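**Q** need a structure here:
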Amino acid sequence: MVAVASMHEHYLCMAFVDCPPFNPMQKIFQSLLFTVALAHTTQLTAASLTDNEAKTANGILQGTFDPATGVRSFKGIPFAQPPVGDLRWKPPVPPANWEGIRRADKFGPRAMQRSIFGDMMFRSDGMSEDCLYLNVWTPAKSTRQRLPVLVYFYGGGFQAGDGSESRYDGESMARRGIVSVTVNYRLNVFGFLAHPELTKESPQHASGNYGLLDQSAALRWVAQNIGAFGGDPGRVTIAGESAGSISVSAHMVSPLSQGLFARAIGESGSLLGALPPAPLPEVEQTGLKFATNSGANSLAELRAMPAEKVLEATGKRGAPWFSLAIDGLFITEDPWSQFASGKQAKVPLLVGWNSEEMNYRSVLGAAEPTTENLQNAIKRLYPDDWQNALKAYSASDASEVIQLATDLASDRFIAYSTWKWADAQNKTGGKPVFRYYYAHPRPAMRPEMGNATPGLAGGVVRNSGNNPPPPPAQGAVHSAEIEYALGNLPRNTVYAWTPDDYKVSEIMQGYFANFIKTGNPNGKGLGKWPPMGKTAPVSFMRLDVEPKAQTEQHADRYLFLDRHRNK
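**A** Residues are numbered from 1 along each chain as shown. Just a heads-up that it's a prediction; the model follows:
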């Protein structure tokens, strides 16, 4: 067992990137040896979970049990040390061990963030730089059960979000036989600051992407510890929406995450067009600009600033956007070329987007929805190729303008990047890709919401009476599918859910649960969902009250946007 233990230690070490060199010749043995090591560990610690205790590598956790659902939950589990003080803007460090039994009955603090989105309902224990915690829901009664695992990354543009949000709650999936995990990760400047001094002090000469490194560390924690909750580390599905979906696509090309998941789910977004990574020197300049605007002349001064002051600086006029970086550590090369050459993870993928990811006003502005105004907007957006744009998004009369402008707005915002991910994985991934188009609009808000209205991309707008409400949604807005897919409609009290909504949720959650368990969404009682296929037109599943398999009708739009992806 010496070789196995050594390999096991290397896997854990790689989660935190501060480790000795690893012989590449050993990589072909990683999966086998790691599985053997985990099986050996499980044999030593196999136990009943009926006492609501789980023995992890760092100590014993005391969770809670809901007899009505048969689900045990363990909340606020540290998977890394608090990234504070000298650990601010450093890769995550392994968590400290504890003596005795640690209570795991409440969510940990959420990451430092400004209040940006109106649809985030937190249950976290406040907000803090000390935020690297995860949560587990399990239906297992014994560590021997080896159930499939779902690890879900929240959305929020890498600016906001939390694993405690009720729409991501893991109980409903756990009731379907899945061990569910939500993960916190650092956000905005705390999670994605790159800076020349940070690069210089790094043994890997990398900076930025700390939020993604947090996620990768959480996946390593899952690989080592999920067996203690009755989960199978060999059947992990990573999933997420928006920034969470972009994160999933990033893990597919990161060498730090290879072998840590068996399947992937992406809901609206990929790094192939939506928040793509930039070269490290470029992102370092963004960090220098932020430091200057914050009044800090050095990295030491930035680290000495209170977290609240650092966060406040991100909201000042002219504050930069912190993008992902091709840092040479988590993202080692251009993801476009990695997917094109087949260097990404070879795993089944379930991926798709919504029918109204963005409202038509983001294309037309205040102009009336007429064919002339749509043409003028397209000419402004694509002055050098507007004729081809008009061919792809052509409206024969005024009745089509709103839908065409909605489609263009959605494609430009996030749908194209999701299409590109599906297309690239289908061509070079070697495993089935199941694509969807989610088209079910949310119902009206409950009367208790007063004059609140849905925002343009899924948020909730509390109207003061002086501002006109946004135009009503025509379809399924950005983020609308989350509660349906994860079975959490009852946890969202904003909307007046109808029987049709619960029907859609039952269908969508059924597809997702099947995919998490087998790598294929199909199963008893559900309409046949074909994989994309290798010849045009490819197949996809339209998800609505009556789901229907269809073939792609608008590939020309995405091929047009493909040619203009850098514009």
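
**Q** Please count neighbours and contacts with C-alpha atoms only from this point.
**A** Fine.

**Q** can you map out the strands along the stretch 1-150 of the chain?
**A** Defined through DSSP state E, counting those that start in this stretch, the strands belonging to the stretch 1-150 of the chain, from first to last, are 53-55, 60-62, 64-66, 71-78, 101-103, 133-138, 147-153.

**Q** for the stretch 151-300 of the chain, same thing?
**A** So, for the stretch 151-300 of the chain - with DSSP E, counting those that start in this stretch - the strands run 179-183, 231-241, 263-267, 278-279.

**Q** so which of those comes closest to Tyr154?
**A** Distances from Tyr154 to each of those were compared using C-alpha to C-alpha; the shortest belongs to strand 231-241, at 5.9 Å.

**Q** thinking again about what came up before, could the strands of the stretch 151-300 of the chain go into JSON lines alongside mean neighbour count?
**A** As requested, the strands of the stretch 151-300 of the chain are exported to JSON lines (neighbours: other C-alpha atoms under 10 Å):
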{"stretch": "strand 179-183", "mean neighbour count": "27"}
{"stretch": "strand 231-241", "mean neighbour count": "26"}
{"stretch": "strand 263-267", "mean neighbour count": "27"}
{"stretch": "strand 278-279", "mean neighbour count": "15"}
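
**Q** Next, format these as JSON lines and append mean pLDDT and distance to Leu390.
**A** Supplementary listing: those in JSON lines, determined by pLDDT from 0 to 100; distance: least, C-alpha to C-alpha, whole Å:
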{"stretch": "strand 179-183", "mean pLDDT": "98", "distance to Leu390": "43"}
{"stretch": "strand 231-241", "mean pLDDT": "98", "distance to Leu390": "30"}
{"stretch": "strand 263-267", "mean pLDDT": "98", "distance to Leu390": "28"}
{"stretch": "strand 278-279", "mean pLDDT": "97", "distance to Leu390": "30"}
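
**Q** is it possible to export the strands of the stretch 1-150 of the chain to JSON lines including mean pLDDT?
**A** Listed next are those as JSON lines, based on pLDDT from 0 to 100:
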{"stretch": "strand 53-55", "mean pLDDT": "97"}
{"stretch": "strand 60-62", "mean pLDDT": "98"}
{"stretch": "strand 64-66", "mean pLDDT": "97"}
{"stretch": "strand 71-78", "mean pLDDT": "98"}
{"stretch": "strand 101-103", "mean pLDDT": "98"}
{"stretch": "strand 133-138", "mean pLDDT": "98"}
{"stretch": "strand 147-153", "mean pLDDT": "98"}
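
**Q** mind putting the ones you listed in a markdown table, mean neighbour count and distance to Lys517 included?
**A** Conversion of the strands of the stretch 1-150 of the chain to a markdown table gives the following (neighbours: other C-alpha atoms under 10 Å; distance: least, C-alpha to C-alpha, whole Å):
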| stretch | mean neighbour count | distance to Lys517 |
| --- | --- | --- |
| strand 53-55 | 23 | 23 |
| strand 60-62 | 19 | 26 |
| strand 64-66 | 16 | 23 |
| strand 71-78 | 24 | 18 |
| strand 101-103 | 15 | 30 |
| strand 133-138 | 27 | 14 |
| strand 147-153 | 26 | 6 |
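
**Q** quick check: mean pLDDT across the longest helix along the chain?
**A** Selection of the longest helix in the chain by residue count, based on DSSP state H, yields helix 499-518. For helix 499-518, mean pLDDT is 98.

**Q** Reformat the strands of the stretch 1-150 of the chain as a markdown table; add distance to Gly519.
**A** Formatted as a markdown table, the entries for the strands of the stretch 1-150 of the chain read as follows, by distance: least, C-alpha to C-alpha, whole Å:
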| stretch | distance to Gly519 |
| --- | --- |
| strand 53-55 | 28 |
| strand 60-62 | 31 |
| strand 64-66 | 29 |
| strand 71-78 | 24 |
| strand 101-103 | 34 |
| strand 133-138 | 20 |
| strand 147-153 | 11 |
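
**Q** Of all those strands, which one comes closest to Gln338?
**A** Ranking those by their distance to Gln338 (criterion: C-alpha to C-alpha) puts strand 147-153 first, at 22.4 Å.

**Q** Select, out of the strands of the stretch 1-150 of the chain, the one closest to Phe540.
**A** Set against Phe540 and scored by C-alpha to C-alpha, the strands of the stretch 1-150 of the chain come closest in strand 147-153, at 22.9 Å.

**Q** Just want the angle from the closest one to strand 179-183.
**A** 20 degrees (axes from the mean of the first three to the mean of the last three C-alpha atoms, to 10 degrees).

**Q** Please state the offset of strand 147-153 from the chain centre?
**A** Put simply, strand 147-153 sits 12 Å off its chain's centre (C-alpha atoms, centre = their mean, to the nearest Å).

**Q** In its sheet, which strands sit next to that strand, and in what direction?
**A** Its sheet considered, strand 147-153 pairs with strand 179-183 (parallel), strand 231-241 (parallel) by DSSP bridges.

**Q** What lies in contact with the longest one?
**A** Applying C-alpha atoms under 8 Å, 6 or more residues apart in numbering, the contact partners of strand 231-241 are 35, 140, 143, 145-155, 178-179, 222-224, 226-227, 245-248, 260-269, 479, 482, 516-517.

**Q** Next, the contact list for the residue lying closest to Gln344 once chain neighbours are set aside, please.
**A** Distance criterion C-alpha to C-alpha, 6 or more residues apart in numbering; nearest residue to Gln344, sequence neighbours excluded, is Val253 at 4.7 Å. When contacts are counted by C-alpha under 8 Å, 6+ apart, Val253 is found next to 331, 335, 338-339, 343-345.

**Q** what about 10 Å?
**A** Going by C-alpha atoms under 10 Å, 6 or more residues apart in numbering, Val253 touches 330-336, 338-339, 342-345.

**Q** out of these, which is most surrounded?
**A** Ranked by neighbour count (other C-alpha atoms under 10 Å), the contacts of Val253 have Ala345 at the top, with 27 neighbours.

**Q** Need the nearest residue in space to that one, chain neighbours excluded.
**A** Taking C-alpha to C-alpha, 6+ apart, and ignoring the residues beside it in sequence, Ala345 has Met252 as its nearest neighbour in space, at 4.9 Å.

**Q** Low-confidence stretches in the stretch 1-150 of the chain?
**A** Within the stretch 1-150 of the chain, the stretches with pLDDT under 70 are 1-46.

**Q** wait, doesn't Ala536 sit right on Thr551?
**A** Yes - proximity of Ala536 to Thr551 meets the contact threshold set by C-alpha atoms under 10 Å, at 8.5 Å.

**Q** Flag every buried residue along stretch 275-284.
**A** By neighbour count, with 16 or more other C-alpha atoms under 10 Å as the criterion, the buried positions of stretch 275-284 are 275-277, 280-281, 283-284.
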